[in-house]
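Engineer: Provide a 3D model corresponding to the input given below.
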Amino acid sequence: MGQSNMYDLCCKYQGKRVRITDNQGQVHVGTITRVNRRMVWIQPDSGFGGFGFGFWGPYYGGGSGFGYGIALGAIAGIILTSAFLW
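Structural biologist: Residues are numbered from 1 along each chain as shown. Below you'll find the model as predicted:
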């Protein structure tokens, strides 16, 4: 999937809970809080979940802020999840 298509998908899922797999095989689960043409920011559900590329926000793992950034080019896959799916 191209970076432009990934950007469109991330915009569509903004504010929703997703599961992102990066090209290193790491899985990131949380809510998309922000998207631009290079990065998507994800707020982990709770605690210290997952790792990301790029900006680590000052509220990583907390209840506010953007969370942490993942470069769109590093995303291998993204799916919409429910609160009960792991």
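
Engineer: Pass me the low-pLDDT residue ranges in this protein, would you?
Structural biologist: Along the chain, the model assigns pLDDT under 70 to residues 1, 46-64, 83-86.

Engineer: Please, where are all the strands along it?
Structural biologist: 17-22, 27-35, 39-44, 68-71, 75-80 (DSSP state E).

Engineer: Now do the last one against strand 17-22, angle only.
Structural biologist: With axes from the mean of the first three to the mean of the last three Cα atoms, to 10 degrees as the criterion, the two stretches strand 75-80 and strand 17-22 enclose an angle of 160 degrees.

Engineer: ok so, going back, identify, out of the strands of the chain, the most deeply packed stretch.
Structural biologist: Mean neighbours per residue, mean count of other Cβ atoms under 10 Å, is largest over these for strand 39-44, with a mean of 24. Using the backbone N, CA and C atoms, a C-beta is placed for each residue, glycine as well.

Engineer: How about residue 79, nearest residue that isn't a chain neighbour?
Structural biologist: residue 19 (5.2 Å; Cβ to Cβ, 6 or more residues apart in numbering).

Engineer: List the beta-bridge partners for the one you found.
Structural biologist: residue 29, residue 79 (DSSP bridges).

Engineer: ok, it - contacts?
Structural biologist: By Cβ atoms under 8 Å, 6 or more residues apart in numbering, the contact set of residue 19 is 27-29, 78-79, 81, 85.

Engineer: returning to that earlier point: quick one: the strands of the chain as a markdown table, columns for distance to residue 8 too.
Structural biologist: Formatted as a markdown table, those follow (distance: least, Cβ to Cβ, whole Å):
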| stretch | distance to residue 8 |
| --- | --- |
| strand 17-22 | 14 |
| strand 27-35 | 9 |
| strand 39-44 | 11 |
| strand 68-71 | 16 |
| strand 75-80 | 11 |
